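Asker: pasting the structure only:
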């Protein structure tokens with residue numbers, strides 16, 4: 001059937017390895033303001049590929065939307081965030097818990113860390129869902145000094161808020177001591193990850209994916225086109241190998257449109273005009289080139305910079321092409337219907 005899905009040009013690679021027993025690894029960080037929760041979370045994200053979440057994520061977005069002026073003088077209006085969060089907790093103590101955990105479940109990341117557990121009901125909900133609690137401790141004097149350095153003001157009045165009261169952790173909760181250097185803290189995180197059986201995330205694959213690779217080849221091929229209206233390029237691929245290329249232009253041995261002129265000059269782009277065009281379309285040229293050189297096209301994929309017209313769609317069906325990947329659309333409903341009825345997979349490629 002015709003598939004309206006969109007594929008991206010990102011590189012395809014296996015999922016992140018290293019989950020304990022194949023299960024997701026989920027952590028919840030517990031600690032007072034300035035203890036180092038964000039520092040730990042940033043390292044977990046950078047070295048181990050953890051996705052970061054916070055109960056306060058939605059609170060921050062809501063506060064920024066309703067009180068944008070509060071963000072001019074301070075990078076973090078702690079008192080405002082506390083008041084907004086507390087006000088809705090009075091309506092429903094679990095409002096932020098449900099909101100965040102629904103998001104975590106919906107996104108389904110294999111490695112996730114919640115960075116700001118401050119209430120007992122938050123911790124309880126995380127424990128019920130298999131999160132591993134991790135406590136981060138730091139002497140109060142050092143915490144206040146770090147807050148002053150980070151925020152420009154320790155906002156001492158906010159540190160007595162109920163959210164800073166702490167929670168009762170289960171026995172055996174791992175504790176990270178953040179009284180030393182950042183390097184010391186990272187070493188403790190590494191040891192914790194080793195104990196949990198979590199390996200560092202592999203470096204990202206920066207190469208373009210196959211879809212992007214072949215579509216970019218089609219774009220280069222399009223530059224060979226001699227059409228005065230629209231340059232189109234196409235590539236036939238089988239087993240990730242290019243087997244034929246084609247672009248739109250006059251038939252072999254005939255004068256190019258640049259010399260002869262366009263028979264459709266001034267006419268709109270659309271269907272029903274192909275009989276007044278001298279050019280062979282890129283997709284049809286692909287199939288013809290494969291035939292000339294005796295290359296089978298059954299089961300091949302076509303990458304084209306523009307959605308094929310109905311005539312090319314029929315040619316592709318008879319050539320046994322199994323999939324069409326296109327970059328730009330083309331207003332020809334019959335072409336889409338032909339491909340759908342023939343069971344050709346059709347998807348748009350979005351280049352990064």
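Answerer: The structure has been received and is ready for your questions. Quick caveat, the model's predicted, so the values are computed rather than measured.

Asker: tell me where the stretch 51-200 of the chain has strands.
Answerer: In the stretch 51-200 of the chain, the strands defined using DSSP state E, counting those that start in this stretch lie at 51-53, 111-117, 132-137, 175-177.

Asker: which stretch among those approaches residue 307 most closely?
Answerer: Proximity to residue 307, assessed across the strands of the stretch 51-200 of the chain by CB to CB, is greatest for strand 51-53 (35.8 Å). For glycine as for every other residue, the C-beta is placed from the backbone atoms N, C-alpha and C.

Asker: for the closest one, the distance to its chain's centre please.
Answerer: The chain centre lies 14 Å from the centre of strand 51-53; the measure is CA atoms, centre = their mean, to the nearest Å.

Asker: from the contact counts, what lies against it?
Answerer: Packing partners of strand 51-53 (3 or more CB pairs under 8 Å, 6 or more residues apart in numbering; DSSP states H and E): helix 37-48, helix 95-107, strand 111-117.

Asker: dump those to a markdown table, plus mean neighbour count and distance to residue 187.
Answerer: Formatted as a markdown table, the helices and strands packed on strand 51-53 follow (neighbours: other CB atoms under 10 Å; distance: least, CB to CB, whole Å):
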| stretch | mean neighbour count | distance to residue 187 |
| --- | --- | --- |
| helix 37-48 | 19 | 10 |
| helix 95-107 | 15 | 28 |
| strand 111-117 | 24 | 18 |
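
Asker: now the ones you listed as TSV including distance to residue 319?
Answerer: As requested, those are arranged in TSV below (distance: least, CB to CB, whole Å):
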stretch	distance to residue 319
helix 37-48	48
helix 95-107	41
strand 111-117	45
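
Asker: so which of those gets nearest residue 226?
Answerer: With CB to CB as the measure, helix 95-107 is the member of these nearest residue 226 (48.4 Å).

Asker: show me the helices in the stretch 251-352 of the chain, by range?
Answerer: 257-260, 282-292, 310-318, 333-341 (DSSP state H, counting those that start in this stretch).

Asker: closest one to residue 101 among the ones you listed?
Answerer: Taking the helices of the stretch 251-352 of the chain one by one with CB to CB, helix 333-341 is closest: 40.3 Å.

Asker: just put the helices and strands packed on strand 51-53 in JSON lines and tack on distance to residue 346 and mean pLDDT.
Answerer: Below are those laid out as JSON lines (distance: least, CB to CB, whole Å; pLDDT from 0 to 100):
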{"stretch": "helix 37-48", "distance to residue 346": "37", "mean pLDDT": "94"}
{"stretch": "helix 95-107", "distance to residue 346": "28", "mean pLDDT": "92"}
{"stretch": "strand 111-117", "distance to residue 346": "35", "mean pLDDT": "94"}
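
Asker: between those, which one is nearest to residue 27?
Answerer: Among those, the nearest to residue 27 by CB to CB is strand 111-117 (4.4 Å).

Asker: what pairs with that closest one, parallel or antiparallel?
Answerer: Its sheet considered, strand 111-117 pairs with strand 25-30 (parallel), strand 51-53 (parallel) by DSSP bridges.

Asker: starting at the chain centroid, how far to the first one?
Answerer: Using CA atoms, centre = their mean, we find the averaged C-alpha position of strand 25-30 to lie 23 Å away from the chain's own average C-alpha position.

Asker: just want the angle from it to helix 95-107.
Answerer: Counting by axes from the mean of the first three to the mean of the last three CA atoms, to 10 degrees, strand 25-30 points 160 degrees away from the direction of helix 95-107.
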